[in-house]
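> what follows is a predicted structure for the sequence shown.
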Amino acid sequence: MTEANTIVEHLGADYFQDPYSVHARLQAERPVSAVIMPGGMPAWLVTGYAEARAALADPRLRKSPPGWHPDPDSVYAALDMHMLNSDPPDHERLRRLVNKAFTTRRVEELRPRITSITTGLLDDISTQRDVDLLASFAFPLPITVICELLGVPVADRDDFRAWSATIVSNTVTPEVFMADATAMVRYITALLADKRREPADDLLSALVLARDEGDRLRENELVSMVFLLLVAGHETTVNLIASGMLALVLNPGEFGRLRADRSLVGGAVEELLRYANPVNHATYRFTSEPVEIGGAHIGQGEPVVVALSAANRDPSRFAEPGRLDLGRDSSGHLAFGHGIHYCLGAPLARLEAEIAFSGLLERFGSMTLTVSTDSLRWRPSTLIHGLEALPVRLVAAD
Ligand code: HEM
């Protein structure tokens with residue numbers, strides 16, 4: 001990386017606990033900073049809103065790292081060859097295969113089933129006074145939905161939740177990473193073999209068919225696709241629901257406002273996406289040629305990380321960005337990214353969150369934290385911004 005414009009910030013363990021104060025400090029100095037990521041890798045961190053939006057749509061920023069040609073039979077290839085890591089034309093080919101299943105119209109058809117899953121979970125937690133809202137509600141809801149949609153047995157969720165947590169973590173050893181990544185690949189491969197033997201009315205069976213009927217999907221692309229949908233489908237919405245509820249609990253005025261007027265829920269979901277940032281960073285991008293972004297001169301092949309949570313709290317785009325304001329116009333937030341990799345699951349995530357927040361508001365008249373705010377722990381990941389647990393006391397609505 002170019003020494004002349006390099007101010008290095010080392011992102012350490014405290015970054016996971018509070019990325020916002022690091023971002024605000026960097027943002028006040030420049031929109032793009034040279035940093036050392038928690039794993040020790042140097043990268044350019046984009047924190048300014050305008051620069052982040054432009055970077056996400058810039059074709060010179062590519063997903064494939066320079067010189068990255070993993071052995072096609074390796075675990076890396078099996079987890080890596082998905083749309084989020086692909087550039088055109090592969091990206092479009094892969095996205096087109098599943099696009100239809102995730103449109104707003106198709107997803108809307110899932111409303112009754114998502115509502116019934118939500119009701120079941122609310123019934124369960126209603127019998128308790130103190131609960132970990134993350135483990136007992138925010139996590140099981142999206143994972144059940146994505147498992148049913150894909151045709152993955154919900155009963156296996158604890159296994160792949162553990163493997164997936166390792167894969168997105170920044171603090172595990174290479175040995176642990178490899179062990180869990182291998183377990184995940186084996187699990188998905190076996191599942192696909194089951195679908196081949198006994199196809200069902202689910203997305204995995206449809207993908208197996210697409211793979212077997214033509215040459216549009218290679219076997220490791222198929223495994224990667226399933227991996228991406230499973231991980232993206234449950235590592236993210238859980239944090240919108242849990243961190244969103246935390247934001248409401250800590251902002252009783254806004255919580256009351258939503259209680260008083262439930263029709264605000266659609267706008268509230270958008271503001272909670274902007275404010276709570278379930279995904280902290282977009283995934284790595286690499287420059288295909290030297291580029292200048294926000295005054296930083298970035299050489300060819302260098303890694304660029306767009307801090308979505310920083311852009312969503314850039315005061316030049318959102319006034320008083322650290323204030324939760326359910327009435328504000330949050331449109332243009334970058335929580336789902338921007339450009340060709342814009343989140344495929346955005347309609348599903350929005351619907352799940354709307355049903356989850358509405359259900360919680362209807363069922364419980366009050367919700368309070370049972371631990372101090374300072375003792376809440378955030379997961380050690382630069383990608384995911386999510387709580388380890390959300391201990392709350394619930395009081396039923398009258
Ligand atoms: C609140 C919940 C969610 C958030 C905040 C979120 C956020 C994001 C972001 C920021 C990206 C782009 C990353 C980048 O450009 O590097 C993305 C891509 C993606 N998301 Fe989501 N996501 C959510 C839920 C979901 C769900 C429920 C699914 C369902 C399967 C999903 C599937 C995907 C896929 C497949 C991509 C890759 C799209 C592509 O490369 O074209 N996401 N998501």
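Perfect, thanks for sending it. What you see is a predicted model; the values in this text were computed from it and never measured.

> assign Ser366 to helix, strand or coil.
strand (DSSP: H, G, I helix; E, B strand; the rest coil).

> neighbours of it, how many?
14 (other CB atoms under 10 Å). For glycine as for every other residue, the C-beta is placed from the backbone atoms N, C-alpha and C.

> okay, which residue is most central for this protein?
Thr236 (3.5 Å; CA atoms, centre = their mean).

> so what's that one up against?
Applying CB atoms under 8 Å, 6 or more residues apart in numbering to Thr236 gives the contacts Pro142, Pro278, Val279, Gly345, Ala349, Ile384.

> quick one: the last one and Trp378, what's the gap?
It stands for Ile384. Counting by CB to CB, to the nearest Å, the gap between Ile384 and Trp378 amounts to 9 Å.

> same thing with the second one?
Note on Pro278: its distance to Trp378, by CB to CB, is 12 Å.

> more crowded one of these two?
Using other CB under 10 Å as the criterion, Pro278 and Trp378 rank with Pro278 on top: 25 against 18.

> nearest residue to that one in space, please, no chain neighbours.
Asn239 (3.6 Å; CB to CB, 6 or more residues apart in numbering).

> which residues of the chain fall in strands?
Assigned by DSSP state E, the chain shows strands spanning 8-10, 32-36, 42-46, 61-62, 130-132, 285-287, 291-293, 296-298, 303-306, 364-369, 391-396.

> so how many other residues sit close to the closest residue to the ligand within the chain?
Relative to the ligand, the nearest point of the chain is Gly345 (2.0 Å; CB to the nearest ligand atom). By other CB under 10 Å, the residues close to Gly345 number 20.

> ramachandran coordinates for it?
Gly345 adopts backbone torsions of phi -90, psi 10, taken as degrees, to the nearest 10.

> pretty sure it sits against Phe102.
Yes - between Gly345 and Phe102 a contact is recorded at 5.9 Å, counting by CB atoms under 8 Å.

> need the pLDDT of the residue nearest to Pro278.
Looking at Asn239, its pLDDT is 97.

> also Glu354?
98.

> residues from the stretch 51-200 of the chain in reach of the ligand?
Leu56, Met83, Leu84, Arg95, Ile146 (CB under 6 Å from any ligand atom).

> quick one, what contacts the residue of the chain closest to the ligand?
Counted by CB under 8 Å, 6+ apart, Gly345 has contacts Phe102, Ala232, Gly233, Thr236, Thr237.

> among these, which one has the lowest pLDDT?
Per-residue pLDDT puts Gly233 lowest of the contacts of Gly345, at 88.

> now that residue, nearest residue through space, not along the chain?
Per CB to CB, 6+ apart, closest to Gly233 is Ile146, 3.2 Å.

> my read: the one you found touches Leu228, true?
No - between Ile146 and Leu228 there is no contact under CB under 8 Å: 11.1 Å.

> sorry, back to before: how much space between the residue nearest to the centre of the chain and Ala319?
27 Å.

> next one: Gly267
16 Å.

> which of those two has more residues huddled nearby?
Between Gly267 and Ala319, counted using other CB under 10 Å, Gly267 has the larger neighbour count: 17 against 9.

> so what pLDDT did that one get?
pLDDT, read off for Gly267, is 97.

> likewise Ala78?
So, for Ala78, pLDDT stands at 85.

> return the residues in contact with it.
Val185, Ile188, Thr189, Asn220, Val223, Ser224, Phe227.

> out of these, the closest to Glu271 would be?
Phe227 (31.2 Å; CB to CB).

> mind listing what that closest one touches?
Per CB under 8 Å, 6+ apart, neighbours of Phe227: Ala78, Leu79, His82, Met184, Val185, Ile188.

> for the fifth one, which non-adjacent residue is spatially closest?
Nearest non-adjacent residue to Val185, counting by CB to CB, 6+ apart: Ala78, 4.5 Å away.

> what do you get for Leu248?
Closest to Leu248 by CB to CB, 6+ apart is Phe255, at 4.3 Å.

> equivalent analysis for Arg218, please.
Met81 (7.3 Å).
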